[in-house]
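Undergrad: sequence first, then the predicted structure:
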Amino acid sequence: MQAQIDLKGQRVLVTGGAGFIGSELTRQLVDLGAFVVVVDNLSNGKADNLQGIKEDCVELAVADIRDRVRMADLMSGVDLVFHLAALGVRHSIHSPEENHAVNATGTLGLLIEARRSGVGRFVCVSTSEVYGTGYKVPMDEDHPTYPMTVYGAAKLAGECYARAFYRTYGYPVVVIRPFNTFGPRSHHEGDSGEVIPKMMLRTLAGKPLIIFGDGEQTRDFTYVSDTAQGIIQAGLSGQTIGETINIGSGREITINALADRITSILGHPNAEVIHQAQRPGDTLRLFADISRARALCGFEPTVNLDEALEKLRDWYLSLDATPQALLRDEQEHNWESPAQKGV
């Protein structure tokens, strides 16, 4: 399906395009022929994440999506917008107002400017966190939305604004809900740090793995190239305008089982695992039903979990920095504010 998409001559704007998923999406869009304007304030993204992309096919604009004047200027001549810029789950616990301002109000502002500028389609990349804990699985797009955090609530508000623009103005939008994504350039550091990169680096560094709660909470983990491919396929399909689409692997695993898989793949099956108190606002079950994505745009994940973990392991081992050095930027309780950490 993806090979049939031709974006030659298309100018595409990707907010958060220097981030983890955004930079992979940018790579794939460039490979499909697009010229990509990456908008990122580099609070979580990194200019280095764009290395290796053809320089004449990408432009980095260091900007905040809340800057309406700048965003109106950057929208000029743009054919498509993929909106990924966001502040994350743990950030919302210590800074809820800022999280809402970016994820909800920022999305509304972008929709207004995109429509005013005549952008042909707006792809709003949301999150599986809008569902909260799954009470029936696998979770399809009609599963009730009861977010556990301000992040999930703010992202839900943002996607509701997108659907409202479709229903009120007939503006072409697609809402996409990726489930948990990992791979090269995924975050282990600060309040963006996630479980797989943190566990992998800790195992490689000979440090104990940390599991919050009993470890029986589940996730649907998807390799980043599959997530980006799904965003493109769902975002550009003629069948998906006005729709909300899950993108995931369609597989479920507990965090305890994940720790076993990671330590086994890294050759440290007896690595120490420490359980700590459950994190605030932690979603206990996420498991994607991807039937709609399959039916409407032919999405099919291609990288299984073990293969994906091996790819991430090899990427970490290829870096100049050691796992020990990378872990200096890890924040163990990454939902705490600086003031809380100082208590």
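TA: Here it is on my side, so go on. Numbering: from 1, shown residues only.

Undergrad: tell me the pLDDT at residue 254?
TA: Residue 254 is assigned 98 on the pLDDT scale.

Undergrad: tell me how many other residues crowd it.
TA: Neighbour count of residue 254, defined by other C-beta atoms under 10 Å: 16. Every C-beta, even on glycine, is put in place using the N, C-alpha and C of the backbone.

Undergrad: with residue 96 instead?
TA: Close neighbours of residue 96, defined as other C-beta under 10 Å, add up to 15.

Undergrad: for residue 194, same thing?
TA: For residue 194, the count of nearby residues is 20 (other C-beta under 10 Å).

Undergrad: find the nearest non-adjacent residue to it, please.
TA: Closest residue to residue 194 apart from its sequence neighbours, by C-beta to C-beta, 6 or more residues apart in numbering: residue 187 at 5.8 Å.

Undergrad: what do you get for residue 165?
TA: Nearest one to residue 165, counting by C-beta to C-beta, 6+ apart, is residue 171 at 4.3 Å.

Undergrad: picking that back up, from residue 91, how far out is the residue nearest to residue 194?
TA: According to C-beta to C-beta, to the nearest Å, residue 187 stands 11 Å off from residue 91.

Undergrad: which of the two has more residues huddled nearby?
TA: Legend: neighbour count by other C-beta under 10 Å for residue 187 and residue 91, higher for residue 91 (25 against 19).

Undergrad: please report the number of neighbouring residues for residue 66.
TA: Neighbours of residue 66 (other C-beta under 10 Å): 15.

Undergrad: from here on, call the first residue 384.
TA: Understood, numbering begins at 384; the last thing we discussed is residue 449.

Undergrad: now do the SS call for residue 519.
TA: coil (DSSP: H, G, I helix; E, B strand; the rest coil).

Undergrad: swap in the one 5 residues further on?
TA: When classified by three-state DSSP, residue 524 comes out as coil.

Undergrad: what sits closest to it if chain neighbours are left out?
TA: residue 627 (4.9 Å).

Undergrad: for residue 641, give its distance to residue 705.
TA: 23 Å.

Undergrad: could you do residue 518 as well?
TA: Taking C-beta to C-beta, one finds residue 518 at 43 Å from residue 705.

Undergrad: so where do the strands sit in the stretch 534-683 of the chain?
TA: 556-561, 564-565, 592-595, 601-602, 605-606, 627-630, 636-637, 656-659 (DSSP state E, counting those that start in this stretch).

Undergrad: can you redo the ones you listed as a markdown table with distance to residue 512?
TA: Shown next, in a markdown table, are the strands of the stretch 534-683 of the chain (distance: least, C-beta to C-beta, whole Å):
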| stretch | distance to residue 512 |
| --- | --- |
| strand 556-561 | 9 |
| strand 564-565 | 12 |
| strand 592-595 | 16 |
| strand 601-602 | 11 |
| strand 605-606 | 14 |
| strand 627-630 | 12 |
| strand 636-637 | 18 |
| strand 656-659 | 21 |
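
Undergrad: right, and these - which one's nearest residue 677?
TA: strand 627-630 (10.1 Å; C-beta to C-beta).

Undergrad: show me which residues of stretch 596-613 are buried.
TA: Using 16 or more other C-beta atoms under 10 Å as the test for burial, stretch 596-613 gives 598, 600-613.

Undergrad: average pLDDT across that stretch?
TA: 98.

Undergrad: show me what residue 606 is bridged to.
TA: Here residue 606 sits in beta bridges with residue 565, going by DSSP bridges.

Undergrad: ok, back up a step: which residues does the residue nearest to residue 577 contact?
TA: Under the criterion of C-beta atoms under 8 Å, 6 or more residues apart in numbering, the neighbours of residue 570 are 403, 427, 576, 577, 580.

Undergrad: that one and residue 598: what is the separation?
TA: Distance from residue 570 to residue 598, by C-beta to C-beta: 21 Å.

Undergrad: cool, and residue 395?
TA: 40 Å.

Undergrad: looking at this structure, which helix or strand is least sure?
TA: helix 721-724 (a mean of 54; mean pLDDT, DSSP states H and E).

Undergrad: so the residue lying closest to residue 541 once chain neighbours are set aside is in which element?
TA: Distance criterion C-beta to C-beta, 6+ apart; nearest residue to residue 541, sequence neighbours excluded, is residue 490 at 3.4 Å. Using DSSP states H and E, residue 490 maps to helix 489-499.

Undergrad: and that helix, which residues are buried?
TA: 489, 490, 491, 492, 493, 494, 496, 497, 498.

Undergrad: what comes up buried for the longest helix along the chain?
TA: Secondary structure assigned by DSSP state H gives helix 533-552 as the longest helix of the chain. By neighbour count with 16+ other C-beta under 10 Å, helix 533-552 contains the buried residues 533-546, 548-549.

Undergrad: do the same with stretch 468-487
TA: Quick answer for stretch 468-487 (16+ other C-beta under 10 Å): 468-478, 482-483, 485-487.

Undergrad: can you tell me which of the residues you listed comes closest to residue 670?
TA: Closest to residue 670, out of all of the buried residues of stretch 468-487 and judged by C-beta to C-beta, is residue 472, at 17.6 Å.
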